[in-house]
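>>> can't give you the sequence, but here's the structure:
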């Protein structure tokens, strides 16, 4: 298995850790399991630790990801914080995914630190724009 889902009782957050090269199928499986745990624990806060994850998906698949996970039960009332490596060679892909989710109304944000991600999840605030921006001339870093 390339992913693991746990519940962090103290933070009231579902935490998924993905530590391999994954495609849309594996991402969907992890999200489906995370949503089951979120439902059991009555929380909408989901933390995805993707610091060791490599995406094996085409841009068109990533573009469809909100539709795919929406079909699995992810709603706009869930809050999803994705923690990525600060030096991720796939930064552009992660920024693209964040922007696609934002444009479809899903509160999904990228972070490079778990503490910042947990703080945002607990804040209850919806992002007004993708935190990392989407400028083609710069590669802004998530907080």
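Arrived safely, thanks for sending. Given the structure is predicted, the values throughout are model-derived calculations rather than measurements. Numbering: from 1, shown residues only.
>>> Helices of this protein, start to end?
24-41, 59-72, 91-103, 114-123 (DSSP state H).
>>> Can you give me every residue that contacts the residue positioned nearest the centre of the chain?
Nearest to the geometric centre of the chain sits residue 82, at 3.7 Å (CA atoms, centre = their mean). Counting by CB atoms under 8 Å, 6 or more residues apart in numbering, residue 82 touches 48, 50, 94, 97-98, 108-111, 117. Backbone N, C-alpha and C define where each C-beta goes, glycine included.
>>> from the residues you listed, which is closest to residue 9?
Of all those, residue 9 sits closest to residue 117, with 17.2 Å by CB to CB.
>>> Quick check: which ranges of the chain have low pLDDT?
Across the chain, the ranges flagged by pLDDT under 70 are 1, 125-143.
>>> Take the helices of the chain and write them to TSV, including mean neighbour count and distance to residue 13.
Converted to TSV, the helices of the chain look like this (neighbours: other CB atoms under 10 Å; distance: least, CB to CB, whole Å):
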stretch	mean neighbour count	distance to residue 13
helix 24-41	18	9
helix 59-72	15	17
helix 91-103	19	18
helix 114-123	16	6
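>>> who wins for proximity to residue 8 among the ones you listed?
If you check each of the helices of the chain against residue 8 by CB to CB, helix 114-123 wins as the nearest, at 8.4 Å.
>>> and the closest one, what does it pack onto?
strand 45-49, strand 79-83, strand 108-111 (3 or more CB pairs under 8 Å, 6 or more residues apart in numbering; DSSP states H and E).
>>> Pull out the buried positions in the second one.
Of the residues in strand 79-83, those buried under the neighbour-count criterion (16 or more other CB atoms under 10 Å) are 79-83.
>>> Now find how far off-centre it is within its chain.
The gap between where strand 79-83 is centred and where its chain is centred comes out at 4 Å by CA atoms, centre = their mean, to the nearest Å.
>>> Check stretch 73-81 too.
Distance, stretch centre to chain centre, for stretch 73-81: 9 Å (CA atoms, centre = their mean).
>>> what about it, start to end distance?
Distance across stretch 73-81, first residue to last, is 17 Å (CA to CA, to the nearest Å).
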